[in-house]
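*Asks:* Fold the following, please.
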Amino acid sequence: MVRQLVLGAMWLQADPSAEGIKALEEKRYPEAVAHFEKAVSADANDYAAHFHLGLAQSLAGDLERAIASYRKTLDLKPGLYEAELNLGMLLLERKQTAEAAKLLQSAAGTKPNEFRPVYYLAEALLAEGRAAEAEEKFRAAALIDGKPPSVHAGLGRALLRQGKLKEAEGPLRQAADSDGLLELAAQHEKAKDGAAAIAIYESLIAGGLVNPAIEERLGELLLEAGRPEAAIPHLEKAVKGSPTGANQFALATALLRTKQADKAIQTMENAVAADQNNAELRIAYAGLLRDQRNFQGAAQHFWKAAQIKPDSRDAWSGLATMLLSLENYTQALAAFDRLEALGNPNPGMYFLKAIALDKMKMHKPAIEAYRRFLDSSAGKHPDEEFKARQRIKVIEKELSRR
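*Replies:* Model prediction:
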């Protein structure tokens, strides 16, 4: 709501004050300031002149001096409604919410049936984090005048701050407060209520909101909800409006889940081309190529990801696995060694490394790797453990014949 300042109905004795009032009425604010400055110089105890000086200064855009003039007014005339209201609104605008709330509380107490002191008190209380009190005052303001959208928006925000999500939606929609509704959707997401968040995002977009980030988030939520077909048009809009690695990856995922593998690969290729130093993006693309059994392409991107981010276990693990699938055992072993050097190797790594060593006829290292796999697996991978034991027996027999 646009701040509106009140003009006190006060008796003015001095001619400068009369001239100042005339200048105010004619919106000649700098001239009004000059006249009221003369008035307060003539009589420093004239609270009316100080008040109107603050009003003129405020309307002229000199808020700091206006605040000082209103403070002086209240020093001379404590509890003056017009000064408390105007100063409270200015302090609220300047984010000095604690003092603003105190002044507006007094002003609202003086005129509890006036809209402005009650409404601005609610805003100050909300800014102070006193959401329950703010809710009460917003409701009171709405009873006085329910037309301004800001009243309903404020009430919705006050309810949001208290976690009253279902109650908040009505006022926010009544106010057509898209920012508030976006905040509500985010709160629904935190509460793991994706369906409620989806409904809000869809309504905002249907209402004409153009925002690639919202399209992207809606698409991601639809993906999470198992609705990839519904996600695709939103993700396509997000990519068209503001292409990023993240939204192109999400679009590729949706395309893949709807069995549009060629489009998915092309989308990921575009994403990587646009952000070539993004290791995570390359790893994701490599995984997609791997799933399509393009092991050579996958290996290339896992390798590039490992160069960008040398401490990435995902990159080295993916590279080693692809090289093993390509029967490039020497380079696969080098990748497995690099992965092991990163620490915390898992049982699967030892098993795959053992296979590479076995294929290269490096029998003793292969047996050692199989045994390390068995020690670390400890019954968690029974099929692979059976294979490892069988290979150890076969290799040992071969060695015994020599």
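*Asks:* Touching the helix or strand hosting residue 337 from outside, list them.
*Replies:* Per DSSP states H and E, residue 337 falls inside helix 329-341. By Cβ atoms under 8 Å, 6 or more residues apart in numbering, the list of residues contacting helix 329-341 from outside reads 306, 313, 316-317, 319-320, 323-324, 345, 349, 352-353, 356-357, 359-360. Every residue, glycine included, has its C-beta placed from N, CA and C.
*Asks:* So among the residues you listed, which ones count as buried?
*Replies:* Using 16 or more other Cβ atoms under 10 Å as the burial test, the contacts of helix 329-341 include 306, 313, 316-317, 319-320, 323-324, 345, 349, 352-353, 356-357 as buried.
*Asks:* Among the residues you listed, find the lowest-pLDDT one for me.
*Replies:* Note: of these, the lowest pLDDT belongs to residue 345, at 86.
*Asks:* Now do the buried residues in stretch 355-370.
*Replies:* For stretch 355-370, the neighbour count (16+ other Cβ under 10 Å) marks 355-358, 362-363, 366-370 as buried.
*Asks:* Need the residues you listed in TSV (columns: distance to residue 32).
*Replies:* Shown next, in TSV, are the buried residues of stretch 355-370 (distance: Cβ to Cβ, whole Å):
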residue	distance to residue 32
355	89
356	87
357	91
358	94
362	94
363	99
366	94
367	96
368	92
369	89
370	92
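*Asks:* For those, could you give me CSV that also reports secondary structure and distance to residue 254?
*Replies:* Formatted as CSV, the buried residues of stretch 355-370 follow (DSSP: H, G, I helix; E, B strand; the rest coil; distance: Cβ to Cβ, whole Å):
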residue, secondary structure, distance to residue 254
355, helix, 35
356, helix, 36
357, helix, 41
358, helix, 41
362, coil, 45
363, helix, 48
366, helix, 43
367, helix, 46
368, helix, 45
369, helix, 40
370, helix, 41
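*Asks:* wait, which of those is closest to residue 28?
*Replies:* Nearest to residue 28 among the buried residues of stretch 355-370, counting by Cβ to Cβ, is residue 356 at 88.0 Å.
*Asks:* I figured the closest one hits residue 325, correct?
*Replies:* No: Residue 356 is beyond contact range of residue 325, at 10.8 Å (criterion: Cβ atoms under 8 Å).
*Asks:* Residue 52 and residue 103, how far apart?
*Replies:* When distance is defined by Cβ to Cβ, to the nearest Å, residue 52 is 18 Å away from residue 103.
*Asks:* And for residue 389?
*Replies:* 82 Å.
*Asks:* quick one, which of those two is more surrounded?
*Replies:* residue 103 (26 against 13; other Cβ atoms under 10 Å).
*Asks:* Can you tell me the closest non-neighbouring residue to the more buried one?
*Replies:* residue 88 (3.7 Å; Cβ to Cβ, 6 or more residues apart in numbering).
*Asks:* Residue 132 too?
*Replies:* Excluding the flanking residues, the one nearest residue 132 by Cβ to Cβ, 6+ apart is residue 162, at 6.2 Å.
*Asks:* Give me the helices and strands touching the helix or strand hosting residue 123, please.
*Replies:* Taking DSSP H and E as the definition, residue 123 sits inside helix 115-127. Secondary-structure packing of helix 115-127 (3 or more Cβ pairs under 8 Å, 6 or more residues apart in numbering; DSSP states H and E): helix 81-93, helix 97-110, helix 131-144, helix 149-161.
*Asks:* need the contact list for residue 327.
*Replies:* Contact partners of residue 327, counting by Cβ under 8 Å, 6+ apart, are residue 359.
*Asks:* let's see it at 10 Å
*Replies:* Counting by Cβ atoms under 10 Å, 6 or more residues apart in numbering, residue 327 touches 295, 356, 359.
*Asks:* In JSON lines: those, plus distance to residue 39.
*Replies:* Formatted as JSON lines, these follow (distance: Cβ to Cβ, whole Å):
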{"residue": "295", "distance to residue 39": "88"}
{"residue": "356", "distance to residue 39": "94"}
{"residue": "359", "distance to residue 39": "99"}
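*Asks:* returning to what we had before: so of the buried ones among the contacts of helix 329-341, which ones are in helices?
*Replies:* In this view, those that belong to helices under DSSP state H are 306, 313, 316-317, 319-320, 323-324, 349, 352-353, 356-357.
*Asks:* At the geometric centre of the chain, which residue do we find?
*Replies:* In the chain, the C-alpha nearest the mean C-alpha coordinate belongs to residue 186, at 8.0 Å (Cα atoms, centre = their mean).
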